[in-house]
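> Have a look at this fold, sequence not included:
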């Protein structure tokens, strides 16, 4: 590895943030959230915990924490942003898995939420998590400056909404021919919205928390874009080359749907080359931060080379 | 009528806010929202406009505008809050109408969104509207003070989420026996969450915008609670006594589901008496505002006596 962060250090840091995120989400999603027992929709809260706790690499919180660390920002605030981001990520998985959407039975090696519970509970659990994210991200503990919290909120709403994640999912379904003829797909653009926007948000959240200069904000934005695309290409490659046991879900799902992906567009070798280019671009974007950018540099490699 | 606001004046004011809200939502949901044409999920934007524009009394925006007017607050900011609130209201109708939820085919005399489009589009349209609400409510134009915008955001998240609207919908489904045996239902509590929370939000939003004293905030909160419950009892009465043409949806739906409602709990006469008590309570809550509370007093009567 070209950077000073060894693989072992990186894995440790990733695990530490995953553990902290898990503990924080556990507290945020405990019954304390609704002190009034009569008003507690117990089944819904169980369903939310089922799909939010006990799993995942917590990559988005990690990006928020490590991009904030570049600016020496308080870790507690960044973890809250990470928890909000994870609420959005989990809601999107719950809704995408629904029979009316991707109709997936398996997620992280377990039954998807609507399989373990039912469709109505899954719809409402997603709605509740999305709403909760905007509650969490505006709390005083996130940052002392109200304008910072407002910025975090606004950029999150943009990344998660029509012009971001939700819009990307819609374009993806249109590309599959779900609404008539298959609509032409600009894969890079679609994935920038569908999966890229939330990963990018993790990166720029650190810049917002750190009240970064416009140059530093742009550096993390560029880094986040490169990382987001590398993440998705790695995903498309795993769908072709990965195995179901490591993925926790069936491989080959994209091909079965006849989807346009980075791999169908660039071929396996072309896709791998593109990942290498993106890692180089991510490194370059981080240049202004010098040694402080080490962990994020390692994160780009991790995302590109992951096996699940 | 005991108040100085005649029925005609009230209807004019209600219509004026409905028109302003319609125009504002039209601008907020135009293609300008996503200037980048490639990234525009056209079908999704059409679906959102289908379910958000061209209808409704816009009661929640009206409450936001008129409660803000009590404090002499700028109407433009209150209209934006009203538009955000209407986005949340419309998303909740879209998701509630889904086959997996209430399975309704008709809404405001037109096919529900999943009937006019499809289930996947309806799920994503709801998600996009919910997200957009939190974008709109934190915009600079809402109020110059960042803390006011943060308060508006936080209270909205609480009213719309687990302890509010979404939680109430879940308790309602549990009460219908959707997850096994019918669970016992505290109707007043359930409806305070399911429909009351957003109506109440309209009322307290004015107090937040007006940076009201704790006493004045509590007055509008109490008013909003009374109005919210009166609204729901009127709804339950209409389900028994109303006709489908005026309602724009079939009557008798609650009875068909064997639902516990205010009417099954109190009887028709008991429910009507309770509405009268709630109007008196709403009047009382508004006492501190004197003549400035006139329109809101009329609103409570309107809500209780409406025919659709």
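Yep, it's here. Bear in mind that the values here come from a model prediction, so they are computed numbers and not experimental data.

> which residues sit against stretch A:114-129?
A:43-44, A:47-48, A:50-52, A:87-88, A:90-92, A:94-95, A:97-99, A:105, A:110, A:112-113, B:91, B:95, B:98, B:100-101, B:123, B:126-127, B:130, B:161-162, B:166-167, B:169-170, B:173, B:178-179 (CB atoms under 8 Å, 6 or more residues apart in numbering or on different chains). For every residue, glycine as well, the C-beta is placed using N, CA and C.

> how about a cut-off of 6 Å?
Residues outside stretch A:114-129 that contact it (CB atoms under 6 Å, 6 or more residues apart in numbering or on different chains): A:44, A:47-48, A:87, A:90-91, A:94-95, A:98, A:105, A:113, B:95, B:100-101, B:161-162, B:166, B:170, B:173.

> So which of those sit within helices?
With DSSP state H as the criterion, helices contain A:44, A:47-48, A:87, A:90-91, A:94-95, A:113, B:95, B:166, B:170, B:173 from among the contacts of stretch A:114-129.

> With respect to residue B:284, which of those is nearest?
Checking these against residue B:284 with CB to CB, the nearest one is residue B:166 at 30.7 Å.

> pLDDT score assigned to the nearest residue to that closest one once chain neighbours are set aside?
Setting aside the residues directly before and after it, residue B:166 is nearest to residue A:128 in space (CB to CB, 6 or more residues apart in numbering or on different chains), at 4.6 Å. Here the pLDDT value assigned to residue A:128 is 98.

> near chain B, which residues of chain A show up?
Listed as neighbours of chain B in chain A under the rule CB under 6 Å from any CB of the partner chain: A:34, A:38-39, A:41, A:43-44, A:95, A:100-101, A:119-120, A:123-124, A:127-128, A:130-132, A:134-135, A:138, A:146-147, A:150, A:153-154, A:157, A:160-163, A:166-167, A:170-171, A:173, A:179, A:186, A:189.

> For the buried ones among these, write the corresponding PyMOL selection.
Buried residues among the residues of chain A next to chain B (16 or more other CB atoms under 10 Å in any protein chain shown), as a PyMOL selection:
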select buried, chain A and resi 34+39+41+43+44+95+100+101+119+120+123+124+127+128+130+131+132+134+135+138+146+150+153+154+157+160+161+162+163+166+167+170+171+173+179
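
> can you tell me the helix or strand for residue A:152?
According to DSSP states H and E, residue A:152 maps onto helix A:146-160.

> Give me the angle between that helix and helix B:146-160.
Put simply, helix A:146-160 runs at 50 degrees to helix B:146-160, going by axes from the mean of the first three to the mean of the last three CA atoms, to 10 degrees.

> what ranges do the strands span in chain A?
Taking DSSP state E, the strands of chain A run over residues A:106-107, A:110-111.

> From the ones you listed, pick the one with the highest average neighbour count.
strand A:106-107 (a mean of 18; mean count of other CB atoms under 10 Å in any protein chain shown).

> Would you list the strands that that one pairs with, along with their directions?
Each strand paired with strand A:106-107, and its direction, by DSSP bridges: strand A:110-111 (antiparallel).

> on that earlier part again, list the helices and strands the helix holding residue A:152 packs on?
Judged by 3 or more CB pairs under 6 Å, 6 or more residues apart in numbering or on different chains; DSSP states H and E, helix A:146-160 is in contact with helix A:197-209, helix B:119-136, helix B:146-160.

> As TSV, those helices with distance to residue A:68 would be great.
Converted to TSV, the helices and strands packed on helix A:146-160 look like this (distance: least, CB to CB, whole Å):
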stretch	distance to residue A:68
helix A:197-209	4
helix B:119-136	22
helix B:146-160	20
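
> Of the ones you listed, which is nearest residue B:20?
Of all those, it is helix B:119-136 that lies closest to residue B:20, at 14.7 Å by CB to CB.

> which one is residue A:66 nearest to, not counting chain neighbours?
Using CB to CB, 6+ apart, the closest residue to residue A:66 is residue A:295 (4.9 Å).

> where does the stretch 151-300 of chain A have low pLDDT?
A:244-250 (pLDDT under 70).

> Next up, the contacts around the nearest residue to residue A:135 once chain neighbours are set aside.
Spatial nearest neighbour of residue A:135, chain neighbours left out: residue B:157 (3.6 Å); criterion: CB to CB, 6+ apart. Counting by CB under 6 Å, 6+ apart, residue B:157 touches A:131, A:134, A:135.
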